[in-house]
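Asks: Can you look at this prediction? I've put the sequence above it.
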Amino acid sequence: MNSAVIQHSSKEYTIVWAIICSVLLHGLLALIIPNIKLDDVKEPEVLEISLAKKAEPQTQTQPEQIPPEPEVIQPKIEPKLKPEPKPVIKDKPSPIVQESQPVVETPVITPPQEVLAVKPAPERPAPTHTVPVAEPVKEPPPAPSQADIDNATGRYGNALWNAISKHKKYPKIAQMRGWQGETIIELELDGTGKLKSKKVTQSSGYEVLDKQALEMVEKALPFPTPPEALRSSNFTITVPVPFKLE
C-alpha cells in the first residue's frame, strides 16, 4: 500500500516540474523575442506542449487540483506603413509672348465691270384714233293710212271669224226652246295677235248663247298673226257670232 502511494506522488512531482519548466521556457522566450530585430515580419511560432495523462487508479483520496496553464500572450506586431508619396508640383510654363508683327494691307483688286450696251427701246407708233363712222339713221316706215287700217281690220276680222266658227256649238237648251240671236264680241289684241281682253258688246238676248260665244273664242286661241298695218300697236276688233236654227 505504501509503495503505491509513493509511486503516485512521484508521478505528480514529475508533472509539476514539467509544467514549471514549460512556464519558464515561455517566459524566457517572451523576454528574448522583443529584442530581436527582424527584417521580415513573421508570425511568431507558438510552441504547444501537450501532456498525456495516464489513467490513474481510482482511490478514495481526491486528486489535487492542477492550476490552469497560463495563457501565452503573443506580442502584437504592427506592420510598417509606407509613407504616402508627396504630390509633385510641376512649375507652370511661362507664357510665350509673341512679337506683334505689323499688318500689311493687301490691295483689293476690283475686276473690271462689263459695260452693257443699252439698246434703245423701239418707238411705239402713236395711237391712231379711229373715228367711228356714223351709221345712217333708218327712218321709221311711214304710218299706214286710215284706209289701209280699215282694209286690214276687215280682212283680219274675217280670219278671226273663220278660226272661231270652227268651234261653234249650239246649246241644246237653246235648240229645244228655239232660241236664236247674234252675239257681238269685242277683242283687244297686241301687234303679234295675242289676246289681251274680251267682252260682249251686244248680247243675243240669251245668256246661254253669249256664254257659248265666249267659249268659242277661248278654244280658237292662239289667233293668226295680224297684217302689217296692225302690228305697230294694240288694236280692237269686233267679231259677230250668229246663232240661227236651220
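Replies: Cool, got the structure.

Asks: how about the helices in the chain?
Replies: In the chain, helices defined by DSSP state H lie at 2-32, 146-165, 172-177, 207-219, listed in chain order.

Asks: Switch the ones you listed over to CSV; also include mean pLDDT, distance to Thr192 and mean neighbour count.
Replies: The way it works is simple: take the backbone N, C-alpha and C, and place the C-beta from them, glycine included. Output for those, formatted as CSV (pLDDT from 0 to 100; distance: least, CB to CB, whole Å; neighbours: other CB atoms under 10 Å):
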stretch, mean pLDDT, distance to Thr192, mean neighbour count
helix 2-32, 73, 160, 11
helix 146-165, 93, 13, 15
helix 172-177, 95, 35, 12
helix 207-219, 96, 17, 16
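
Asks: Save those as TSV, and put in distance to Ser232 too.
Replies: Below are the helices of the chain laid out as TSV (distance: least, CB to CB, whole Å):
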stretch	distance to Ser232
helix 2-32	167
helix 146-165	10
helix 172-177	40
helix 207-219	24
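
Asks: quick one: low-confidence parts of the protein?
Replies: 1-11, 33-123, 125-134, 136, 141 (pLDDT under 70).

Asks: Swap in 90 and give it another go.
Replies: Across the chain, the ranges flagged by pLDDT under 90 are 1-146, 232, 246.

Asks: Tell me how it divides into domains.
Replies: What automatic domain parsing lists as the domains of the chain is 2-35, 146-243.

Asks: Look at the residue nearest to Glu215 when sequence neighbours are not counted and say how many residues are nearby.
Replies: In space, Glu215 comes closest to His167 once its chain neighbours are excluded; the distance is 7.6 Å by CB to CB, 6 or more residues apart in numbering. His167 has 13 neighbours, counted by other CB atoms under 10 Å.

Asks: Quick one: residues contacting His167.
Replies: 215-216, 219-220 (CB atoms under 8 Å, 6 or more residues apart in numbering).

Asks: next one: Phe223
Replies: By CB under 8 Å, 6+ apart, the neighbours of Phe223 are 160, 163, 189, 193-195.

Asks: Tell me the one among those nearest to Ala143.
Replies: Nearest to Ala143 among these: Leu189, at 18.7 Å, using CB to CB.

Asks: Number of residues surrounding Leu230?
Replies: Around Leu230 there are 22 residues (other CB under 10 Å).

Asks: Begin at 320 from now on, thanks
Replies: Will do, 320 is the new start, and the previous item becomes Leu549.
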